[in-house]
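1. any chance you can model this:
(2 chains)
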Amino acid sequence: GQPLGVLDGIPIAVKDNFNTAGIETTCASNMLKGYISPYNATVVQKLLDQGAVLLGKTNLDEFAMGSGSTDGVFGPVRNPWSYSRQYKEKSVPKPHSQDEESDWVITGGSSGGSAAAVASYTCFAALGSDTGGSTRNPAAHCGVVGLKPTYGLISRHGLIPLVNSMDVPGILTRCVDDAAVVLGSLAGHDPKDSTTIQDDFKPFELPNLTDVSKLSIGIPKEYHAPGLSSEILALWSKAADLFKNAGAKVIEVSLPHTSYSIVCYHVLCTAEVASNMARFDGLEYGHRSDMNKSTESMYAATRREGFNDVVRGRILSGNYFLLKQNYENYFIKAQKVRRLIANDFVKVFRSGVDILLTPTTLSDAAPYMEFIKEDNRTRSTQDDILTQAANMAGLPAINVPTALSERGLPIGLQFIGRSFQEKQLLTVAKWFEKQVKFPMIQLEEVKRHEHNVFQHQKSASFT
Amino acid sequence: AAARGCGGVWCRAWQRGTGGPAPRGHRAIACNARGGAPPFPACNLAPWVPVVGLEIHAQISSNSKLFSGSQVQFAAPPNSLVSFFDASLPGTLPVLNRRCVEAAVMTGLALNCSINKKSLFDRKHYFYADLPAGYQITQQRVPIAVNGSLSYSLCTDNKMSQMVTKTVRIKQIQLEQDSGKSLHDDTRSQTLVDLNRAGVGLMEVVMEPDMCCGEEAAAAVRELQLILQTLGSSKAVMAEGQLRVDANVSVHHPGEPYGVRTEVKNINSIRFLAKAIDYEIQRQIEELENGGTILNETRAFDSKLGCTVPMRDKEGKQDYRFMPEPNLPPLILYDAKSLPANVNHQQVVNIDWIHERLPDLPRVKREKLVEQYGILPEHSFTLLNEDGLTEFFENVVKQTQMKPRKVIGWILNDLLSYLKEHSLTVKESPVSSSLLADLLNLLEKKEISSTAAKQVLAELWKGKGKTPLQIVKEKKLELIQDQKELEQICQAVIDGQENEVIMVVLG
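-> Reported below is the predicted structural model:
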């Protein structure tokens, strides 16, 4: 027969906040445990129409709120690199009495399950979502390519929303070429999503860029953020030099409102969350409490039982900001700050810069036991700083795995491009990927049995 | 019933000592054209100026709902017209229905509004069983149409001989979603929720408080109803929930600031609207004159008792936490000037195109009837007020030589009163326009007297399938034209009453 499309037969995984018809869709929450969705998200449908094979739904932070993939009801996601030879070689040997498993590291979040699935070779590509960095952050920690497309390029119909005005479906793959292929299958106007642009989208193949002398790379100084590890700082600098030495113009630029993006995000995100979660009342679908004294008491009990602390905390904050007496001071103000943040990028791109180069995360993946010492909100505040602004501005951004840290864990760097200029963004990312030659994960158990397979998989491409 | 002009100034002049839920007010002076009242008392007690505004929700007549493709249909089996979006399934998104936008633009134009070329959608949050998403999508910041006006007419007396035209300002028209329906089953301690209506498109029409009594409000609503039905933007049948009216009522002394207003809901017909408003005005006057205060509350109209009662469960004011609807971009409308060159016409709404295709509004239709047929303005009101009556009238006129000015009498006095007596619509009339035309022709040709005509009509109502001519022959109602025959009859009468004749001759 004929192949259904370019993805025919390709195994993929989908983050569990995308609706999949006839398949449980939980958002890693008690509220939707056992919820069988009656329809496919547009992006899922597009993949299936191409012949892709859905291997499974992947774990996440509950309702995509978090930066560690540690706060879902099914438990935390373990970074496959925790079991890599590269990591094990570098880690301090533990006394026998201690649990060998206790120093596994997190994947980052909230699309941790998807990143882990791709990193561990269980599938060729996975769908994540990205609202404040939720695709790029775990991509960096898991050593995979994580693409956040321009807002409005890919349909959100069927993606259970966190922040409607910032969410995008994210693409996780092992190489940039693959990301371009998946993008080609997903992008384009969807009549079911009024926020997708009407313009025609033409899938593209990435050229093999050899000459970067016409490129102008911007290095935003504000991304030298507090807490940035010296390792990553050095890697970032090295990457800048790489471009410079290849003939590109590399200049320092300023995005002055970067430091406000976290607070701004906090107000706008929680406000939308409060609104988006209002539908979970136990009446039409999902968990319903046994409490039945009155409708109100049933609602309250259902929502208390169905949502975790993180979700409930954001709902409370969001409702506070939306109160009539607060709306002007918080919501409207945050919208104005958002505009300033977006304008920072506009100005820089207008001045001749083609692509921005920044770190993706502040450090490599933290051990789980370390990570959970701080609460979700604190962690998000820290971890989102480098990725959040691109969501504010709706710009495309991509994490490219760059090198291993001293602990043997992946570090990635981020490229941010102009609106709807994914082709240019991915072309530059591909060039960079070729230069850095990020190593393959050496999963001991797998390596023992599948050595031949891995040799074949060197380029991790399925074209 | 004919709308009576109301007194703009109400005095509390009912008999003291009588109780009862609906005290009578002494209506003193006619309102001026804008509904305000000249503030002089007709009695010794201090005058009150009632102020009435209206919030009207008209269900848009469309095949599918405002933001989803499920069907719009009255009285369908419960939960049979519910899409994933209507049920608020997670991940579903709103998609704006073009027909609903056109309906709102048509209505805005018909009400002389400015159409906002850019309007916005917002979320209005509250928790209720019939609101699946926990919020309603509406237009709170910038609605689709603003600053219009509606002219309506009232009769100043019962005889319908004097009509006065009044105007009410239209504050705005906004598009919004209807909610589902919840039925409380107290015996089984449960609430049944039907989402068929959830998401149906509504136009909320806000009328400024330019009215002063129940009759004015009723007349304004009636005119709006006719306009909507003429446009086809809403079927506006109150009994089917396609037109819902909430009244805002307050009273104050002339020269003083407006009083605290109450909102009156649960009004199911235009007649009850007038009653509810008048009751509420009286209630407020009584309360204030007894030294009480008016609470800014919502009250329900109890049609059985004819009074308003406080609605339960309104603890404190609701904060709806309005937020822009992030899934809908601003609604951009175009006119001939601003229409971009290479645009897909399926994707845009052109205000001018809609304007050019507006049908004749009721006011224009009435003027045309008056001009064409020489009938009185108040006749034209009655004609338009009854579904199908204008058509009936025009059909009769076409088929008879009798002047329309005379025909109208038969239509409005004889036909209409008969239909009303038997609660029939014009369509259900046992007497067709042709039959009536036949009868009127006999009258016009002087073959029968008008008394005889009425007798024939009475017989026609029985619907036995006889023609007027047949009935005339059967009952021997022909006018006798022959002089000799008439003389014979008269002579016979005189001959038979000898005594009376002698008395008449003697004086």
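2. what number of residues lie near residue A:252?
-> By other Cβ atoms under 10 Å in any protein chain shown, the residues close to residue A:252 number 10. All C-beta atoms are positioned from the backbone trio N, CA, C, and that covers glycine.
3. sheet-wise, list the partners of the host helix or strand of it with their directions.
-> For residue A:252, the element it lies in under DSSP states H and E is strand A:249-253. Strand A:249-253 pairs in its sheet with strand A:216-220 (parallel), by DSSP bridges.
4. send me the partner strand as CSV with only the CA atoms.
-> Listed next in CSV are the C-alpha coordinates belonging to strand A:216-220 (Å, rounded to 0.1, in the frame of the first residue of the first chain):
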residue,chain,number,x,y,z
SER,A,216,23.4,38.3,13.5
ILE,A,217,23.2,36.5,16.8
GLY,A,218,22.0,38.5,19.8
ILE,A,219,23.2,37.7,23.4
PRO,A,220,20.7,39.3,25.8
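5. buried residues in the lengthiest strand in chain B?
-> Longest strand in chain B, counting residues (DSSP state E): strand B:163-177. The neighbour-count criterion (16 or more other Cβ atoms under 10 Å in any protein chain shown) identifies B:163, B:166, B:168, B:169, B:170, B:171, B:172, B:173, B:174, B:175, B:176, B:177 as the buried residues of strand B:163-177.
6. same check on stretch B:140-148?
-> B:140, B:142, B:143, B:144, B:145, B:146, B:148.
7. low-scoring stretches of the stretch 351-463 of chain A, by residue?
-> For the stretch 351-463 of chain A, the stretches flagged by pLDDT under 70 are A:445-463.
8. could you pull out the strands for it?
-> For the stretch 351-463 of chain A, the strands defined by DSSP state E, counting those that start in this stretch cover A:355-359, A:397-404, A:410-416.
9. touching the longest one from outside, list them.
-> The reference is to strand A:397-404. With Cβ atoms under 8 Å, 6 or more residues apart in numbering or on different chains as the test, strand A:397-404 has contacts from A:86, A:135-137, A:139-140, A:143-148, A:176, A:179, A:235, A:239, A:360, A:387, A:390, A:410-417, A:425-426, A:429, A:432-433, A:436, A:438-439.
10. what parts of the stretch 201-350 of chain B come near chain A?
-> Residues of the stretch 201-350 of chain B that fall close to chain A, judged by Cβ under 8 Å from any Cβ of the partner chain: B:319, B:321, B:322, B:323, B:326, B:327, B:328, B:329, B:347.
11. could you look up the SS state of residue B:409?
-> Judged by DSSP: H, G, I helix; E, B strand; the rest coil, the three-state class of residue B:409 is helix.
12. residue nearest the centroid of the chain?
-> This is for chain A. By Cα atoms, centre = their mean, chain A has its centre lying nearest to residue A:135, at 0.9 Å.
13. hm, I was asking about chain B
-> Residue closest to the mean C-alpha point of chain B, counted by Cα atoms, centre = their mean, is residue B:222 at 2.1 Å.
14. for it, give its distance to chain A.
-> 36 Å (Cβ to the nearest Cβ, to the nearest Å).
15. that residue contacts residue B:385, doesn't it?
-> Yes - counting by Cβ atoms under 8 Å, residue B:385 is a contact partner of residue B:222 at 7.2 Å.
16. which residues does residue A:54 contact?
-> Listed by Cβ under 8 Å, 6+ apart, the contact set of residue A:54 reads A:12, A:13, A:14, A:20, A:23, A:44, A:47, A:48.
17. now the helix or strand hosting the last one: buried residues?
-> Residue A:48 is part of helix A:42-49, with elements assigned from DSSP H and E. Neighbour-count burial for helix A:42-49, with 16+ other Cβ under 10 Å as criterion, is recorded at A:42, A:43, A:44, A:45, A:46, A:47, A:48.
18. what do you get for stretch B:134-141?
-> In stretch B:134-141, counting by 16+ other Cβ under 10 Å, buried: B:134, B:135, B:136, B:137, B:138, B:139, B:140.
19. show me these that map onto helices.
-> The members of the buried residues of stretch B:134-141 all map outside helices under DSSP state H.
20. hmm, back to that, okay, the angle between the strand holding residue A:252 and strand A:355-359?
-> Per axes from the mean of the first three to the mean of the last three Cα atoms, to 10 degrees, the angle that strand A:249-253 makes with strand A:355-359 is 70 degrees.
21. any idea of the mean pLDDT for the one helix or strand residue B:484 maps to?
-> Assigned by DSSP H and E, residue B:484 belongs to helix B:483-496. Regarding helix B:483-496, the rounded mean pLDDT is 83.
22. now the strands of the stretch 351-463 of chain A as JSON lines including mean neighbour count?
-> Shown next, in JSON lines, are the strands of the stretch 351-463 of chain A (neighbours: other Cβ atoms under 10 Å in any protein chain shown):
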{"stretch": "strand A:355-359", "mean neighbour count": "25"}
{"stretch": "strand A:397-404", "mean neighbour count": "28"}
{"stretch": "strand A:410-416", "mean neighbour count": "27"}
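23. if we can go back for a sec, buried residues in the following helix or strand past the longest strand of chain B, which are they?
-> Downstream of strand B:163-177, the first helix or strand assigned by DSSP H and E is strand B:181-185. Buried positions in strand B:181-185, judged by neighbour count with 16+ other Cβ under 10 Å: residue B:181.
24. check stretch B:114-121 too.
-> Residues of stretch B:114-121 classed as buried by neighbour count (16+ other Cβ under 10 Å): B:115, B:116, B:119, B:120, B:121.
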